[in-house]
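Novice: No letters, just coordinates:
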């Protein structure tokens, strides 16, 4: 047993530690980070936009895109959807400047927001039955009437 434990320690020493940069950051759909990125992206595209949003304005605009509250923590937690803003800032997707704070979307943040929006459009299209690249599936019958010649039940009537 001691040899097995020593072997495990040796293997753990040589294992590469997993870092945040091993895979790209993609916030979950309808999460705080997701809602904040999409809201800032929508704001940037609006004509006459200052290119930034304040905290309350951002929270109010992002709330419909998020399942969690930006102001009230879930039971047993002190985190709100707004807590994900620090992760967006740390990953340089959002820039925070000034007092009171102004939140700007960086170029990489805008790229990620656009990819999230494209993913949403693809999900909406597939939910509507128009799966891109799968037009051939629409021509297939939705059900098959096997009648008396169902190969999966053939022989079961004779056995009964």
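Specialist: Nice, I can see it. Quantities reported herein were computed from a predicted structural model and do not represent experimental measurements.

Novice: for this protein, which spans come out with low pLDDT?
Specialist: For the chain, applying pLDDT under 70 flags the ranges 1-21, 129-160.

Novice: Show me where it has its strands.
Specialist: Here the chain has its strands, by DSSP state E, at 52-54, 94-97, 102-105.

Novice: got TSV for those strands, with distance to residue 22 too?
Specialist: (Each C-beta comes from the backbone N, C-alpha and C, glycine too.) TSV is the format used below for those (distance: least, CB to CB, whole Å):
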stretch	distance to residue 22
strand 52-54	31
strand 94-97	22
strand 102-105	24
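
Novice: ranges for the helices of the chain?
Specialist: Under the criterion DSSP state H, the chain contains helices at 2-14, 32-45, 55-62, 85-90, 107-127, 156-159.

Novice: is it true that residue 88 touches residue 108?
Specialist: No. When contacts are counted by CB atoms under 8 Å, residue 88 is not listed as touching residue 108 (10.5 Å).

Novice: The two - which one has more neighbours?
Specialist: When neighbours are counted by other CB atoms under 10 Å, residue 88 comes out ahead of the other of residue 88 and residue 108, with 24 against 14.

Novice: ok, how many other residues are close to the residue nearest to that one when sequence neighbours are not counted?
Specialist: Using CB to CB, 6 or more residues apart in numbering and skipping the chain neighbours, the partner closest in space to residue 88 is residue 94 (4.2 Å). Residue 94 is flanked by 23 other residues according to other CB under 10 Å.

Novice: repeat for the one 5 residues further on
Specialist: By the other CB under 10 Å criterion, the neighbourhood of residue 99 contains 5 residues.

Novice: What distance do you get for it to residue 53?
Specialist: Here residue 99 is placed at a distance of 15 Å from residue 53 (CB to CB, to the nearest Å).

Novice: Repeat that for residue 112.
Specialist: Distance from residue 112 to residue 53, by CB to CB: 17 Å.
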